[in-house]
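Asks: Based on what follows, work out the 3D shape:
(one chain, ligands or ions: 2)
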Amino acid sequence: MIKVCIAGGTGWAGSELSKGVFNNPNMTLVGALSRKHKGENLGDVLNFGSANIPIFGDIETALKEIDFDVLVDYTKPTIAMKNIISCLKKGKNVVIGTSGLTDEDYSEIEKTADENNTSVLAVGNFAITVVLLQKFSEMAAKYIPNFEIIDYAHEDKIDAPSGTARELAYRLSKVQKPNQYVTEEELIGEKASRGANLNEVQVHSVRLPGHVISIETIFGLKDEKLSIRHDSGASAEPYVKGGLLAIEKVSTFKGLKRGLDSVMEF
Ligand SMILES: NC(=O)C1=CN([C@@H]2O[C@H](COP(=O)(O)OP(=O)(O)OC[C@H]3O[C@@H](n4cnc5c(N)ncnc54)[C@H](O)[C@@H]3O)[C@@H](O)[C@H]2O)C=CC1
Ligand SMILES: O=C(O)C1=N[C@H](C(=O)O)C[C@H](O)C1
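Replies: Ligands and ions are numbered 1, 2, ... in the order given. From the prediction side, this is the model:
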């Protein structure tokens, strides 16, 4: 039995995963973190019947009060780093779903995981269809050295670029760095209009009402174009299967792995 604690277990993504863990025969949901529902029973908040699953307001209290094997973080970048580092220092393995963490944050996470002989699986997007988009984009980037990323989201998404876009930029940059035809110094006009430069990949974030979450890798060659795009629906259900797989697999290695495909077979 894998004992799981979910930070953000009452949120939009975390509540779907909480239900998934609760119904999984190989896992026990032993606690959750939520500022709003601190002191309540997750079983009541999410209608699990009478199950008693305590909700804590902060990670220090959870670490004192309950025993768990894996922390899943589905909060926000400002709070996630504290949760992750505290757990690693106490010998817990961590699955990161929260977006907005930088490459510098991941360097610190990797160092702490290594020092404490623990493991971290960070997944920009747990949906299997997005894992496929990552794979297809990597295949294309091998042959086409000209690409940019567009990240679309709802108007109130607080982090930009999305975790999915960050992970994709990181991965594509490992395949090859895209050509830069006009350097920042040569550019005339608004430099920001070219988007953020992440690992030498241009990333453009759109935040608008009426949009859910989409990600698009666009490629260009002389007289031809290729777009690889994923569009999410309104529910958080597509992230559950991948989240459960990550919880299962995080203890099978040591250190930091990024991307769900790192624990999948292709
Ligand atoms: N990797 C992936 O596949 C996915 C990642 N996400 C990411 O997960 C994160 C959460 O997204 P949502 O569920 O939409 O957000 P949400 O706002 O619905 O939920 C956030 C949760 O974190 C808790 N929280 C926030 N601040 C806290 C604090 N200081 N102490 C304790 N608990 C705190 C809230 O109580 C709530 O339960 C975001 O970064 C989002 O981008 C979301 C969906 C899929
Ligand atoms: O905020 C969201 O909703 C989501 N965030 C993640 C991201 O930043 O990529 C994953 C998914 O896109 C949903």
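Asks: where's residue 181, which helix or strand?
Replies: Here residue 181 is covered by no helix or strand, with elements defined by DSSP states H and E.
Asks: Pretty sure residue 112 sits against residue 89.
Replies: Yes - using Cβ atoms under 8 Å, residue 112 is in contact with residue 89, at 6.7 Å. All C-beta spots, glycine's among them, are computed from the backbone N, C-alpha and C.
Asks: So these two - more neighbours on which side?
Replies: Shown here are residue 112 and residue 89; by other Cβ atoms under 10 Å, residue 112 has more neighbours (19 against 14).
Asks: ok, now how distant is the more buried one from residue 211?
Replies: According to Cβ to Cβ, to the nearest Å, residue 112 and residue 211 sit 35 Å apart.
Asks: now residue 79
Replies: Per Cβ to Cβ, residue 79 is found 25 Å from residue 211.
Asks: quick one: stretch 27-36 to chain centroid distance?
Replies: Here stretch 27-36 is found 18 Å from its chain centre; the criterion is Cα atoms, centre = their mean, to the nearest Å.
Asks: Break this structure into its domains for me.
Replies: Per automatic domain parsing, the structural domains of the chain span 2-126+236-263, 128-231.
Asks: got the contact list for stretch 236-243?
Replies: 12-13, 15-17, 19-20, 72, 95, 97, 123, 125-129, 131, 232, 260 (Cβ atoms under 8 Å, 6 or more residues apart in numbering).
Asks: In helices, which of those appear?
Replies: Using DSSP state H, the subset of the contacts of stretch 236-243 located in helices is 12-13, 15-17, 19-20, 128-129, 131.
Asks: Strands of this structure, start to end?
Replies: 2-7, 27-33, 55-56, 70-73, 93-96, 119-122, 147-153, 196-198, 201-207, 213-221, 224-231, 255-258 (DSSP state E).
Asks: Could I get the average pLDDT for the third one?
Replies: This predicted structure assigns strand 55-56 an average pLDDT of 98.
Asks: do stretch 253-266 as well
Replies: On average, the pLDDT along stretch 253-266 is 95.
Asks: Kindly export that stretch (C-alpha atoms) in PDB.
Replies: Provided in PDB are the C-alpha atoms of stretch 253-266 (Å, rounded to 0.1, in the frame of the first residue of the first chain):
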ATOM      1  CA  PHE A 253      14.300   5.400  -9.000                       C
ATOM      2  CA  LYS A 254      16.300   8.000  -7.000                       C
ATOM      3  CA  GLY A 255      16.800  11.700  -7.800                       C
ATOM      4  CA  LEU A 256      14.700  13.900 -10.100                       C
ATOM      5  CA  LYS A 257      12.900  12.800 -13.300                       C
ATOM      6  CA  ARG A 258      10.900  15.200 -15.400                       C
ATOM      7  CA  GLY A 259       8.000  14.200 -17.700                       C
ATOM      8  CA  LEU A 260       5.600  11.300 -17.300                       C
ATOM      9  CA  ASP A 261       7.100   9.500 -20.300                       C
ATOM     10  CA  SER A 262      10.300   9.000 -18.200                       C
ATOM     11  CA  VAL A 263       8.400   6.200 -16.300                       C
ATOM     12  CA  MET A 264       6.300   4.900 -19.300                       C
ATOM     13  CA  GLU A 265       7.200   2.400 -22.000                       C
ATOM     14  CA  PHE A 266       7.200   3.600 -25.600                       C
END
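Asks: Distance check, the residue nearest to the spatial centre of the chain against ligand 2.
Replies: In the chain, the centroid-proximal residue (Cα atoms, centre = their mean) is residue 124; its distance is 3.0 Å. With distances taken as Cβ to the nearest ligand atom, to the nearest Å, residue 124 is found 5 Å from ligand 2.
Asks: how deep is whichever residue of the stretch 1-150 of the chain sits closest to ligand 2 tucked in, by neighbour count?
Replies: For the stretch 1-150 of the chain and ligand 2, the shortest gap (Cβ to the nearest ligand atom) falls at residue 99, measuring 3.1 Å. Residue 99: 25 surrounding residues under other Cβ under 10 Å.
Asks: which residues are in contact with stretch 83-92?
Replies: 7, 33, 59-60, 63, 68-71, 73, 75, 93-94, 96, 108-109, 112-113, 116-118, 120.
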